[in-house]
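Participant: Prediction below, plus the sequence it came from.
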Amino acid sequence: MTLNTEQHIQSVYDRDLEAVQALVVKMGGLVETAILEAAEALEARDEELAEAVRERDRAIDALEERVNEETARLIALRAPTASDLRTVLTVMKIAASLERTGDYAKNMAKRSHVLAQMPQINGAGGALRRMAKTVEAMLKDALDAYIQRDLELAHDVRHRDLDVDQMYNALFREFLTYMMEDPRNITACMHLHFIAKNIERMGDHATTIAEQVIYLVTGELPEESRPKHDHLTAAPLGDNGD
Amino acid sequence: MDDMRLTERTVETNDSKITARKVQVYYGDTHAIIDVDVDILDKAVTAFIGPSGCGKSTFLRCLNRMNDTISVARVEGEIKIDDEDIYDPKVDPVQLRAKVGMVFQKPNPFPKSIYDNVSYGPKIHGMTRSKAELDEIVEKSLRRAALWDEVKDRLNEPGTGLSGGQQQRLCIARAVATEPEVLLMDEPCSALDPIATAQVEELIDELRSNFSVVIVTHSMQQAARVSQRTAFFHLGYLVEYGETGKIFTNPEDPRTESYITGRIG
Amino acid sequence: MTDASLSNAPAAPRSSRSLHTVDERTRKRNASEKRFRAYGITAILIGLVFLAVLAVSIVRSGMPAFSRMVVDIEFTLTQAQFDEAESQLMKTSAYQEFFNAALQERMESAGVTVPFDAAAVERILGKTGGTIREFYRANPDRLGEPVRFELPAASRVDGYYKGRLSRDTMVDSRFLMTTDLDIVDAMHDAGILKRGFNWTFIQGTDSGVDNPGGAGIGASVIGSFFMMIVVLVLSLPIGVAASIYLEEFAPQNRFTDLIEVNISNLAAVPSIVFGILGLAVFIQFMHLPQSAPLVGGLVLTLMTLPTIIIATRASLKAVPPSIRDAALGVGASRMQAVFHHVLPLAMPGILTGTIIGLAQALGETAPLLLIGMVGYVAREYPDGLIAGFTEANSAMPAQIYTWAARADVAFYEKAWGGIIILLMFLLTMNILAIILRRRYERRW
């Protein structure tokens, strides 16, 4: 009897595991597209694109529901253990993170629809788009790390969340200045702020996905807590230093 | 990206191979099987689960009239295979058993050579006219049982010299040699170790592309792994019968749920 | 949670006994087990002692039957002498004279000086004339050349050398006189009279009461052989078939239960009852020839059938039901399952049972008593195959009994010799049974 460490003796088990992971990867692709398109819609003030993003979120939600059903079946029928169990648990968590990310993208699209009606704030769209691209890159890398089971890449994604947090901080202060400059900007800036917050949250979800990859490969969540630079709650208003 | 082969659920489209209506079985005065109605699908694996003594093996043995050999057993009701009542007086049980093969709990190869084990069935049913045809049938059956590569050089050695898992696969080869349409398996893996069990389960999954397989098992996990339809028996009644995934994630009858979650035994 | 103890008194500490110390109970138990083993060994030893005593006494009493005193003499008869003897009226006496002359020469050349006459020779050697005549009539090509004869001495001479007879207790009679003993001693010293192997015992037939020396067991061996053939040919198929039917096919009802109980009882019926049955049915009703091995075989068949049926049923029952189920599952009918699978596996047990049954039948005497084989003097070998069955004959145990019952003490050793031969047959059959069982036993 040779030890085949790659495949289960029961081939249908492998097929089921691959199938459910494929669902997640598909979801990931849709979410990446959603992020990019939402950012594009915001910058270009493209209402149609925004609308399309909102429509496509339904597909993402449907996929998440399917993933839930399939993982329930997998657990009931296969009673997975060890790495198979971690595979199933991480699939569930990743799908949940992706679904929330998709929702944030949808919200972005909703707000950009509203923003299109208002006067433009200079530079905001570009900054947000850059942030969105960063986050999308993180998500893509997290998903790649998941597919490749790449630990280093996953750790790298975790650390990049720092950049996103810093970008958010910068934008926060920028919007504050815009609002203080001209009270007519407040509405738009509030929307923009929420969008920035959403993008920052997307970054956190991408980090969660990376952490799930680390759990999947090593069996343990990373020990050191993720680096955070969310000092805003501690620092008093108006303080420009870091 | 296209679809994942979550195709086990598409058995909805198969036909019924065996239909049982209002089946009763009496052992002397004991009413062992009560009012069972079930449709067993073709080209699918159906599992019978339930606690000890619930009647699942008894019902299985009705399907190939093995209960005839027990003098105190009496079967009533209608069991049809391909729309023919198998308890009709015109039916010869011996012919029936060529069409409905059986694999037992403890591997029981004949104390003859491997070749003779597999060729016995086709010989007595007159299925072949020449030695070459018989050789072909033996090879085909052993390949179907995923045993050919392991024994092709020692076909003349006694069947009892194989390991437990190999013996059971030999019994499966013997059962499929008569080209049955239905394969009945009575706890085929209970005497095997986990690796041999997994190999036999994989084999069952391959076999269902050609046969209708009914497997009695006292392991719910095995039923979950291997079958597309599951029937839960309890105290002689058929309590619930449905698609395996549904039975194990959301059964309808509370008794089924109690058994599956380990609350009754 | 406080850990209050339930009682005020401190609990007695648990005595921790070392495993290395032996306590009283263990010692007593070991002692009684040793005693039991001693009883067992003693019982076996007692059994062995009895067995040894039995074996020794059989061998000591029976070995003399295999040897006899013979006169070893080279004798030449020329064609002329032959013709002359044949032309005379008293042919055997003529040969006797020739022989006596040759014997005289031989004795003188060996330096035996004791005087003897023709009458003495006749008492010592019996009627040699007839023996010589028969030989030359059968082998005329040996005329003119020296032929070595080994002529058996008279049974009293034989008895003298085997200790049955002594000079002191002897009474002169027409059979033997004291002076003859001198002649015999002289011949013995000269090497003319010596001990040889008694082939007649093995090959010969029974003789009349007056010729114990010539008695042989050969005819009764043949008789036993034919009887065993009848038993084998009849009881094996009938027994096995009946057993298979009862075990595999008969319905479970009162009637079959009755049959089974009766079969077990039949095995315990005294064998003489079968003898009476044989007499009444086979001889008186069916008019089969009396004392024939055929009738003996039929009676013994009836006796052996229950044994074979019981052994066969036990063998069939020992075949695991999984084999039957497997055969039925593949689509064999009940008959096919039994004949292709169950029977071959039960064969070793059936064969063993049959051979043991035959061995038992071989040694049975009581039924043969009533059909006439005991007391029948089997003087000749049967002529051919059919005659072997139908001609009256004796059987080994019957022959032994007959010899043991005769008055002449010389038959005593013959009876013991017959017992040795019978035991050898039985031993051979039992060993055969063991060998067959070992060879054909299969593990499943």
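Facilitator: Looks like it came in fine. Just so you know, these numbers come straight off a predicted model, no measurement behind them.

Participant: any idea which helix or strand carries the one residue in chain A that gets nearest to chain B?
Facilitator: Closest to chain B within chain A is residue A:19: 3.3 Å, counting by Cβ to the nearest Cβ. For the C-beta atoms, the positions are set from N, CA and C on the backbone; glycine is no exception. Using DSSP states H and E, residue A:19 falls within helix A:11-44.

Participant: what residues are up against residue C:436?
Facilitator: Contacts for residue C:436 (Cβ atoms under 8 Å, 6 or more residues apart in numbering or on different chains) come out as C:348, C:351, C:352, C:355.

Participant: Helix, strand, or coil at residue B:46?
Facilitator: strand (DSSP: H, G, I helix; E, B strand; the rest coil).

Participant: There's contact between it and residue B:230 in this structure, I believe.
Facilitator: Yes. Contact criterion Cβ atoms under 8 Å: residue B:46 and residue B:230 qualify, at 7.3 Å.

Participant: circling back: ok, the residue of chain A closest to chain B to residue B:156 distance?
Facilitator: Using Cβ to Cβ, to the nearest Å, we find residue A:19 at a distance of 45 Å from residue B:156.

Participant: what does residue C:264 give?
Facilitator: Applying Cβ to Cβ, the value for residue C:264 to residue B:156 is 43 Å.

Participant: Pull the contacting residues for residue C:433.
Facilitator: C:351, C:352, C:355, C:356, C:359.

Participant: which one among these gets closest to residue C:224?
Facilitator: residue C:359 (11.6 Å; Cβ to Cβ).

Participant: quick check, the closest one in a helix?
Facilitator: Yes. Assignment of residue C:359 by three-state DSSP places it within a helix.

Participant: looking at it, it is touching residue C:430, isn't it?
Facilitator: Yes. Taking contacts as Cβ under 8 Å, residue C:359 lies within contact range of residue C:430: 6.0 Å.

Participant: Could you check which of the two has the larger neighbour count?
Facilitator: residue C:359 (19 against 14; other Cβ atoms under 10 Å in any protein chain shown).

Participant: Which pLDDT value does the model give the closest residue to residue A:34 other than its chain neighbours?
Facilitator: Take residue A:34 and drop its neighbours on the chain: the residue closest to it by Cβ to Cβ, 6 or more residues apart in numbering or on different chains is residue A:105, 3.9 Å away. Per-residue confidence (pLDDT) for residue A:105: 93.

Participant: Repeat that for residue C:350.
Facilitator: pLDDT, residue C:350: 90.

Participant: those helices in the stretch 1-150 of chain B, which residues are they?
Facilitator: B:56-62, B:93-99, B:114-124, B:131-144, B:148-151 (DSSP state H, counting those that start in this stretch).

Participant: Ok, chain A next?
Facilitator: A:11-44, A:47-78, A:82-115, A:124-148, A:151-181, A:186-218 (DSSP state H).

Participant: Which one of these lies nearest to residue B:95?
Facilitator: helix A:11-44 (34.3 Å).

Participant: and that closest one, which residues are buried?
Facilitator: Of all the residues in helix A:11-44, those buried under the rule 16 or more other Cβ atoms under 10 Å in any protein chain shown are A:12-13, A:15-17, A:19-21, A:23-28, A:30-43.

Participant: can you pull the contacts of residue 178?
Facilitator: Just going to use chain A. Contacts of residue A:178 (Cβ under 8 Å, 6+ apart): A:121, A:124, A:185, A:189.

Participant: ah, I was thinking of chain C
Facilitator: Counting by Cβ under 8 Å, 6+ apart, residue C:178 touches C:167, C:170, C:172.

Participant: nearest to chain B, of these?
Facilitator: Nearest to chain B, judged by Cβ to the nearest Cβ, of those is residue C:170 at 70.7 Å.

Participant: could you measure that closest one against chain A, distance?
Facilitator: 90 Å (Cβ to the nearest Cβ, to the nearest Å).

Participant: Next: residue C:110.
Facilitator: Separation of residue C:110 from chain A (Cβ to the nearest Cβ): 88 Å.

Participant: Next: residue B:68.
Facilitator: From residue B:68 across to chain A, the span is 36 Å (Cβ to the nearest Cβ).

Participant: I'd say that residue and residue B:93 touch.
Facilitator: Yes. Look at residue B:68 against residue B:93 with Cβ under 8 Å: they come within range, at 5.7 Å.

Participant: Quick check: bridge partners of the nearest residue to residue B:227 once chain neighbours are set aside?
Facilitator: Closest residue to residue B:227 apart from its sequence neighbours, by Cβ to Cβ, 6+ apart: residue B:47 at 3.7 Å. With DSSP bridges as the criterion, residue B:47 is bridged to residue B:215, residue B:230.

Participant: Name all residues that make contact with residue B:47.
Facilitator: Here residue B:47 is in contact with B:214, B:215, B:216, B:217, B:222, B:223, B:226, B:227, B:229, B:230, B:231, B:244 (criterion: Cβ under 8 Å, 6+ apart).

Participant: Let me know the pLDDT of it.
Facilitator: 96.

Participant: what's the spacing between it and residue B:242?
Facilitator: If you go by Cβ to Cβ, the gap between residue B:47 and residue B:242 works out to 11 Å.

Participant: got any residues that touch both of these two?
Facilitator: Common contacts of residue B:47 and residue B:242 (Cβ under 8 Å, 6+ apart): B:229, B:230.

Participant: What about residue 59, how many residues nearby?
Facilitator: Just so you know, I chose chain A. Residue A:59 has 14 neighbouring residues, counting by other Cβ under 10 Å.

Participant: please go with chain C instead
Facilitator: 13.

Participant: And it, how far from residue C:420?
Facilitator: For residue C:59, the distance to residue C:420 equals 7 Å [Cβ to Cβ].

Participant: Walk me through the domains of chain C.
Facilitator: Listed domain ranges for chain C are C:69-196, C:218-440 (source: automatic domain parsing).

Participant: Nearest to residue B:57, out of those domains?
Facilitator: Set against residue B:57 and scored by Cβ to Cβ, these come closest in domain C:218-440, at 12.1 Å.

Participant: For the most centrally placed residue in chain B, what is the enclosing helix or strand?
Facilitator: Central residue of chain B (Cα atoms, centre = their mean): residue B:184, 2.1 Å from the mean position. Using DSSP H and E, residue B:184 maps to strand B:182-186.

Participant: Show me what that strand is in contact with.
Facilitator: Strand B:182-186 has contacts (Cβ under 8 Å, 6+ apart) with B:17-18, B:40, B:57, B:60-61, B:63-64, B:81, B:99-105, B:172, B:175-176, B:204, B:207, B:211-216.

Participant: out of those, which are inside strands?
Facilitator: B:17-18, B:40, B:81, B:100-103, B:212-216 (DSSP state E).

Participant: what ranges do the strands span in the stretch 201-350 of chain C?
Facilitator: Remark: no strands are assigned in the stretch 201-350 of chain C by DSSP state E, counting those that start in this stretch.

Participant: can you give me the helices for it?
Facilitator: C:218-244, C:254-266, C:271-278, C:293-318, C:321-330, C:334-336, C:343-362.

Participant: Most tightly packed of these?
Facilitator: Using mean count of other Cβ atoms under 10 Å in any protein chain shown, the stretch among the helices of the stretch 201-350 of chain C with the greatest mean number of neighbours is helix C:293-318 (a mean of 23).

Participant: for that helix, packing partners?
Facilitator: If you count contacts as 3 or more Cβ pairs under 8 Å, 6 or more residues apart in numbering or on different chains; DSSP states H and E, helix C:293-318 packs onto helix C:218-244, helix C:254-266, helix C:271-278, helix C:343-362, helix C:366-371, helix C:385-390.

Participant: Would you mind listing where chain B has pLDDT under the threshold?
Facilitator: Within chain B, the segments meeting pLDDT under 70 span B:1-13, B:265.

Participant: For stretch C:78-88, what is the distance to the chain centroid?
Facilitator: Computed by Cα atoms, centre = their mean, to the nearest Å, the chain-centroid distance of stretch C:78-88 equals 45 Å.

Participant: averaged over its residues, what pLDDT does that stretch have?
Facilitator: Mean pLDDT, stretch C:78-88: 79.

Participant: burial of residue A:173, as a residue count?
Facilitator: Neighbours around residue A:173, by other Cβ under 10 Å: 15.

Participant: Nothing else from me, thank you.
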